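Trainee: Predicted structure and sequence below. I'll ask about it afterward.
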Amino acid sequence: MSVDKNAVPMREQPPEERKKNFNEVPLGYSEEEAILEANRCLQCKHKPCVSGCPVNIDIPAFIKAIREKEFQKAIDIIHETDFLPCITGRVCPQEEQCQAQCVVGKIGEPVSIGRLERFVADWEMERKIKGLIPKSSTNDIVKNGIKVAIVGSGPAGLTCAGELAKKGYDVTIFEGFHEPGGVLVYGIPEFRLPKSIVKAEIESLKEMGVKIITNALIGRVLTIEDLFHQGFKAIFIGTGAGLPKFMNIPGENLNGIYSANEFLTRVNLMKAYLEGEYDTPVLRGRKVAVIGGGNVAMDAARTALRLGAEDVYLIYRRTEEEMPARIEEVHHAKEEGIKFYTLTNPVKYVGNENGFVKKVVCQKMTLGEPDESGRRSPVPLEEYFTLEIDEAIVAIGTTPNPIISKTTPGLKVKKNGEIETDEWGRTSIPGVFAGGDIVTGAATVVTAMGAGRKVAFAIDEYIKTLK
Ligand code: FAD
Ligand code: SF4
Ligand code: SF4
């Protein structure tokens, strides 16, 4: 059977237009485009693509259903293991996961599994919003009245909550921020993941009976022990890795230098991008340096551009090949005019007499031997240059916030603050489980979801032993 080597492209807002707005960049497939793309799937019997998906979606089965125009069937197949398909279809690094295993990728572009997932998830979401199909079916759930607490409402916590609610548990999520969603709402910008979508996915969970208590920072307002006293039989910790790292170089505490987390939280969660409607302060720099090469750095750079920057410099110490960001995000950032300075590392910031950043001094690098991450390590050269800037955003990684580990005696953590668990998310305290970035360090949405799902099964097993 001959297959078209090229995937059906997805329409996008043109770069010149989109860099002035916060609307979503890729526009999604039409029905015809989705069916055309679904026809590129070879329906492999041994399903290699499924092994690349951390939540093991039956990919050929849902693609077959799209091909046959059975869209409800397609989304039902996805929902068996993925609670948030509108989200994973948009932000999964598919090129390293499901699509990396697709056999069509050996002769051309792999089947666009993520785009097809997004198409069918959006198809359902639109019909739910229009009231054409019931919002969610909770009739089959037999409630058991057993209380389980989830700490943190990112993808790990939401998925764990959903799986447990399906099994009949009385689930309450405690979230430190005033809105649930974790990085999905405070980190990933509107132009990559519209917040209305995250809200709608969270509404589906609430319809299943999941309660969400916001502004509830566990470790401060209540401890893990307090939750047990309140009658929760098991507790899942899915608090992510939201504490920013800095480089500790001279001048890093000048005004105008943000961590990417603070910058993106101000813009996304606190809506600073809706100027006039919200009064959240955020610096709108004209010449902005963003330090880092991951998704967070790309998001910060593209956000700074949309806030009106004339020049955005992305400074990364290795080459583009080693960048951990998704290829699509790098491509979009370049199209929008972000200027890449690779093999470059900032060594010093210089401020003016009022303490505002004005310059960043950079050192040129070369690549040496591979380090423990397997990537070739950057080696400094004796070459320097200076960029004039009025804002810098540091996106060089994050670590877990220690607030829970410090207030939970007996909870074992690793040196870097990640919680120690076994493969089922069991911590050193019976009844306390953990998953997502708090266990693995900064990873991906779908790996956090996979962990949330797995731990839900372990919690169910644990609670059965209590009876
Ligand atoms: P989080 O999403 O971090 O959620 C943790 C939640 O717990 C937060 O809401 C936090 O407020 C809450 N919390 C923390 N402490 C407490 C406490 N003590 N009490 C109560 N609540 C608490 N991944 C991808 O797959 N694709 C991408 O394109 C992508 N882009 C990203 C862009 C950015 C800017 C960032 C920051 C990350 C990105 N990631 C991406 C990574 C991905 O978002 C994370 O791996 C994922 O969200 C981790 O999920 P989680 O549920 O473990 O934690
Ligand atoms: Fe691929 Fe992510 Fe969907 Fe799994 S959830 S099939 S990895 S896009
Ligand atoms: Fe289809 Fe590719 Fe999966 Fe084969 S590997 S079933 S072609 S998506």
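Mentor: Alright, I've got the coordinates. Numbers count the residues shown, from 1 in each chain. Ligands and ions are numbered 1, 2, ... in the order given.

Trainee: Against I257, how distant is the residue of the chain most remote from its centre?
Mentor: Distance from the C-alpha centroid of the chain peaks at E353, with 39.0 Å (C-alpha atoms, centre = their mean). From E353 across to I257, the span is 17 Å (C-beta to C-beta, to the nearest Å). Where you see a C-beta, it was placed from the backbone N, CA and C, and this is true even at glycine.

Trainee: Then I338?
Mentor: Separation of I338 from I257 (C-beta to C-beta) stands at 19 Å.

Trainee: mind exporting stretch 116-127 as CSV, just the C-alpha atoms?
Mentor: Listed in CSV are the C-alpha atoms of stretch 116-127, where the atom choice follows Å, rounded to 0.1, in the frame of the first residue of the first chain:
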residue,chain,number,x,y,z
LEU,A,116,-5.8,13.8,15.0
GLU,A,117,-6.2,13.5,18.8
ARG,A,118,-6.7,17.3,19.0
PHE,A,119,-9.2,17.2,16.2
VAL,A,120,-11.5,14.6,17.7
ALA,A,121,-11.1,16.0,21.3
ASP,A,122,-12.1,19.5,20.0
TRP,A,123,-15.0,17.9,18.0
GLU,A,124,-16.4,16.5,21.3
MET,A,125,-15.7,19.6,23.3
GLU,A,126,-17.6,21.8,20.8
ARG,A,127,-20.6,19.5,20.8
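
Trainee: and it, how far from the chain's centre?
Mentor: Distance, stretch centre to chain centre, for stretch 116-127: 19 Å (C-alpha atoms, centre = their mean, to the nearest Å).

Trainee: Helices of the stretch 201-350 of the chain, residue ranges please.
Mentor: 224-229, 260-267, 295-306, 327-335 (DSSP state H, counting those that start in this stretch).

Trainee: same question, the stretch 351-467 of the chain
Mentor: Assigned by DSSP H, counting those that start in this stretch, the helices in the stretch 351-467 of the chain fall at 403-407, 437-440, 445-466.

Trainee: so what does the second one touch, helix or strand wise?
Mentor: In this structure, helix 437-440 makes packing contacts with helix 445-466, judged by 3 or more C-beta pairs under 8 Å, 6 or more residues apart in numbering; DSSP states H and E.

Trainee: And ligand 1, is the helix it packs on touching that?
Mentor: Yes: using C-beta under 6 Å from any ligand atom, we find that helix 445-466 touches ligand 1 at V445, V446, A448.

Trainee: will you turn those into a markdown table that also has distance to ligand 2, neighbour count and pLDDT?
Mentor: As requested, these are exported to a markdown table (distance: C-beta to the nearest ligand atom, whole Å; neighbours: other C-beta atoms under 10 Å; pLDDT from 0 to 100):
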| residue | distance to ligand 2 | neighbour count | pLDDT |
| --- | --- | --- | --- |
| V445 | 8 | 26 | 94 |
| V446 | 5 | 24 | 93 |
| A448 | 12 | 30 | 96 |
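
Trainee: Is L222 bridged to anything, and to what?
Mentor: With DSSP bridges as the criterion, L222 is bridged to I218.

Trainee: Next, the contact list for it, please.
Mentor: F174, A216, Q230 (C-beta atoms under 8 Å, 6 or more residues apart in numbering).

Trainee: ok, of those, which one's closest to ligand 1?
Mentor: The nearest member of the contacts of L222 to ligand 1, counting by C-beta to the nearest ligand atom, is F174 at 5.1 Å.

Trainee: CSV please, covering the helices of the stretch 351-467 of the chain and showing distance to L264.
Mentor: Shown next, in CSV, are the helices of the stretch 351-467 of the chain (distance: least, C-beta to C-beta, whole Å):
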stretch, distance to L264
helix 403-407, 20
helix 437-440, 15
helix 445-466, 15
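
Trainee: what's the most buried one of those helices?
Mentor: Highest mean neighbour count of those: helix 437-440, a mean of 25 (counted as mean count of other C-beta atoms under 10 Å).
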